[in-house]
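Undergrad: Structure, please.
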Amino acid sequence: KKIILLSMRRLNQIMLDFFLPVWLFSGIATAFQFPKIKFVGLSTKEDLNAPQRLVKSTPEEAEDLRRSLEKYCDIYPSGDEIINDNISFLWEPTLSESYEAADVIFQEVARVLRDGYDQNRRTSDEERTVNSLDQLVLSFPSMSQPEDLDKLSSVLQSDECKELLGVEDAHAELYPSSPAPYLRIKFSAQITKDEATKIGKNVAPNARSMPTNCPTTSTENWVNNFLGKYRLCPYTSSISRAAVGLLSVGVPVGGVHVRVESTNTESDPTSRSYNILRAAELVSSFWSEVVTLMHSAQEEWATSLIVFPEYDNEFESFVDVCDTIVEPTVVATQATSVIGRAWFHPMYDTDAVGHSKVIAGHAIPHKMVEGFMKSLHLSGGKDGVGLLEYDELVEANNRVRRTPHATINILRRSQLSAAGEYEKGLGEKQPKANSIYVRNAVRLSKKVKITNL
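TA: Residues are numbered from 1 along each chain as shown. Have a look, this model is predicted:
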């Protein structure tokens with residue numbers, strides 16, 4: 001194959017000699033465009049070694065790729081078929097979406113922590129140490145955005161996340177540095193001998209895992225008799241009717257899916273091992289529900305509520321997991337383009353969160369709602385008449401986010417966008433910006449005075 005190379009200086013001169021006269025004498029000044037150049041001998045096809053192509057070609061090539069990665073990751077340290085007992089290797093050749101990968105990753109994290117937890121319950125005090133399985137290696141060769149694995153590893157490497165999940169280290173490596181993209185997670189010795197002894201004792205089940213009422217029923221009642229009854233969300237009227245009124249912008253009515261989760265453990269709730277497992281189960285439940293919602297028809301489920309009663313008495317612990325793990329992993333996987341999310345809790349307290357600006361998942365700060373209220377009253381010519389007292393506003397603004405149990409709401413981004421388009425089409429009837437926060441606070445404040453919510 002013959003390749004002709006020209007220096008940049010010579011190429012520039014040729015361009016000037018040819019194109020400048022044409023431009024000067026054309027009579028019309030047009031935007032310059034480089035000529036189409038055909039490079040001979042250079043392939044325009046995808047790299048045939050790319051993991052995405054190999055797993056889609058033949059089963060033999062896909063298996064060769066897997067074995068190549070296993071060798072690269074030292075899954076078989078002796079060079080034979082005896083796997084490293086300390087490593088769990090998971091190969092997911094078909095998943096393409098980053099949120100699907102996050103679901104698998106955190107399911108496996110929760111499984112490893114649960115297995116270690118259960119193992120220590122079954123063994124004697126002398127044998128009880130930590131789970132022998134201390135590493136996960138997970139590969140997703142078909143991921144459309146494999147760089148998201150690197151972003152997830154950065155989240156898992158944060159000091160806060162290491163503490164909450166008992167992770168010692170996380171590392172991602174992508175093709176072509178490795179045969180296929182993978183994430184390696186190494187767990188720390190999160191269970192001390194003292195804590196393991198507590199696990200082995202016949203302690204009473206954690207009371208927070210056994211609420212006096214049925215979590216599903218109480219949550220459905222909250223949707224029907226509070227959220228829907230007072231129209232705090234203008235598009236949800238009941239547990240079976242969400243995304244109401246958006247048919248004109250292509251969104252059908254669907255139900256609210258309620259998912260109740262717990263650790264189902266019998267242990268001292270003050271032990272670090274229990275709190276690590278609890279955090280892992282909450283994050284795993286979140287991502288599993290994201291996949292459930294994304295894979296379901298809008299007519300079936302419009303939105304989801306993940307209920308985790310074991311956090312009912314610990315608002316700050318619940319928010320810590322949501323803000324430190326859930327939200328950063330949503331950003332890392334670019335899932336913000338497909339979902340919205342919001343945190344709810346029986347003890348929700350905006351002041352305890354301590355934010356002064358809007359942050360993902362949380363209620364609007366009280367001072368911002370107060371500012372919206374004053375602005376709307378002045379623009380309406382009311383001159384401050386009917387304004388709520390600040391303490392009334394605080395109580396009402398918090399009540400909007402108070403549910404029977406610790407809850408995460410997952411919304412479809414497509415429906416949020418459609419609602420915005422619908423309101424734009426209302427013309428003069430379009431709600432004023434930020435009016436919903438003021439309306440909800442005023443509405444609840446009035447109801448508080450006449451009934452016990």
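
Undergrad: just checking, Ser317 touches Thr270?
TA: No: using Cβ atoms under 8 Å as the test, Ser317 is too far from Thr270 to be in contact (11.6 Å). Just so you know, the C-beta spots here come from the backbone N, C-alpha and C atoms, and that holds for glycine as well.

Undergrad: higher neighbour count, the two?
TA: Between Ser317 and Thr270, counted using other Cβ atoms under 10 Å, the more crowded position is Ser317 (17 against 9).

Undergrad: State the distance from that one to Ala441.
TA: 27 Å (Cβ to Cβ, to the nearest Å).

Undergrad: Now do the strands in the stretch 101-250 of the chain.
TA: 135-139, 167-173, 182-187, 236-238, 241-242 (DSSP state E, counting those that start in this stretch).

Undergrad: What about the residue minimising distance to the centre of the chain? Give its phi and psi, please.
TA: Most central in the chain under Cα atoms, centre = their mean is Val330, positioned 3.1 Å from the mean C-alpha point. Val330 adopts backbone torsions of phi -60, psi -40, taken as degrees, to the nearest 10.

Undergrad: what do you get for His405?
TA: When read as degrees, to the nearest 10, the backbone of His405 gives phi -140, psi 160.

Undergrad: That one is in contact with Glu220, isn't it?
TA: No: between His405 and Glu220 there is no contact under Cβ under 8 Å: 11.7 Å.

Undergrad: Counting neighbours, go ahead and name the busier of these two.
TA: Using other Cβ under 10 Å, the more surrounded residue of His405 and Glu220 is His405, with 24 against 18.

Undergrad: Would you enumerate the residues in contact with that one?
TA: By Cβ atoms under 8 Å, 6 or more residues apart in numbering, the contact list for His405 reads Pro211, Pro215, Ser218, Thr219, Val307, Phe308, Pro309, Asp312, Pro346.

Undergrad: If we use 6 Å, what do you get?
TA: Pro215, Val307, Pro309, Asp312 (Cβ atoms under 6 Å, 6 or more residues apart in numbering).

Undergrad: Return the subset of those lying in strands.
TA: Val307 (DSSP state E).

Undergrad: Nearest to Ile436, out of the contacts of His405: which one, please.
TA: Ile436 has its nearest neighbour among those in Val307, at 24.2 Å by Cβ to Cβ.

Undergrad: Surely that closest one touches Thr219?
TA: Yes: the criterion here is Cβ atoms under 6 Å, and Val307 meets it with Thr219 at 5.4 Å.

Undergrad: pLDDT of the longest helix seen in the chain, averaged?
TA: Counting residues, the longest helix in the chain under DSSP state H turns out to be helix 98-122. Average pLDDT, helix 98-122: 89.

Undergrad: can you check stretch 265-280 too?
TA: 84.

Undergrad: Of all the residues in that stretch, which ones are buried?
TA: Residues 265, 267-269, 271, 273-280 are the ones in stretch 265-280 that count as buried (16 or more other Cβ atoms under 10 Å).

Undergrad: same deal with stretch 297-313?
TA: For stretch 297-313, a neighbour-count test (16+ other Cβ under 10 Å) marks 298, 301-312 as buried.

Undergrad: any idea which helix or strand comes after the one helix or strand in the chain whose mean pLDDT sits lowest?
TA: One helix or strand of the chain scores below all others by mean pLDDT, DSSP states H and E: helix 8-25, with a mean of 42. Moving toward the C-terminus from helix 8-25, the next helix or strand (DSSP states H and E) is helix 51-57.

Undergrad: helices or strands next to that following helix in the packing?
TA: Contacts defined by 3 or more Cβ pairs under 6 Å, 6 or more residues apart in numbering; DSSP states H and E place helix 51-57 against helix 59-72.

Undergrad: Show me the helices in the stretch 251-400 of the chain, by range?
TA: Secondary structure of the stretch 251-400 of the chain by DSSP state H, counting those that start in this stretch: the helices cover 272-294, 315-321, 327-332, 350-353, 366-379, 390-399.

Undergrad: List the contacts of Phe106.
TA: Val283, Ser284, Trp287.

Undergrad: mind checking how far it is from Val256?
TA: Distance of Phe106 to Val256, given as Cβ to Cβ: 23 Å.

Undergrad: same question, Gly166
TA: The gap separating Gly166 from Val256 is 33 Å, by Cβ to Cβ.

Undergrad: ok, now Lys424?
TA: For Lys424, the distance to Val256 - Cβ to Cβ - is 25 Å.

Undergrad: Pick out whichever of these two has more residues nearby.
TA: Val256 (23 against 10).

Undergrad: you'd agree that one is up against Ile239?
TA: Yes: Val256 is in contact with Ile239 according to Cβ under 6 Å; the separation is 5.1 Å.

Undergrad: Are there residues contacting both of those two? Which ones?
TA: Counting by Cβ under 6 Å, 6+ apart, the residues touching both Val256 and Ile239 are Val223.

Undergrad: Any regions of the stretch 301-450 of the chain where pLDDT drops low?
TA: Residue ranges of the stretch 301-450 of the chain with pLDDT under 70: 378-386, 448-450.

Undergrad: could you redo the last one with a cut-off of 50?
TA: 383-385 (pLDDT under 50).

Undergrad: how about the nearest residue to Ala335, chain neighbours excluded?
TA: Among residues not flanking Ala335 along the chain, Tyr99 sits closest, at 4.7 Å (Cβ to Cβ, 6 or more residues apart in numbering).

Undergrad: who's in contact with Val307?
TA: For Val307, the contacting residues are Pro215, Thr219, Val260, His405, Thr407, by Cβ under 6 Å, 6+ apart.

Undergrad: switch the cut-off to 10 Å
TA: 211, 215-216, 218-219, 222, 258-262, 285, 344, 403-408 (Cβ atoms under 10 Å, 6 or more residues apart in numbering).

Undergrad: Gly254 too?
TA: Going by Cβ under 10 Å, 6+ apart, Gly254 touches 240-244, 296-303, 412, 415.

Undergrad: How much space separates the spatially closest residue to it that is not a sequence neighbour from Pro141?
TA: Spatially, and ignoring its direct neighbours in sequence, Gly254 is nearest to Ala302 (3.2 Å; Cβ to Cβ, 6+ apart). Separation of Ala302 from Pro141 (Cβ to Cβ) stands at 33 Å.
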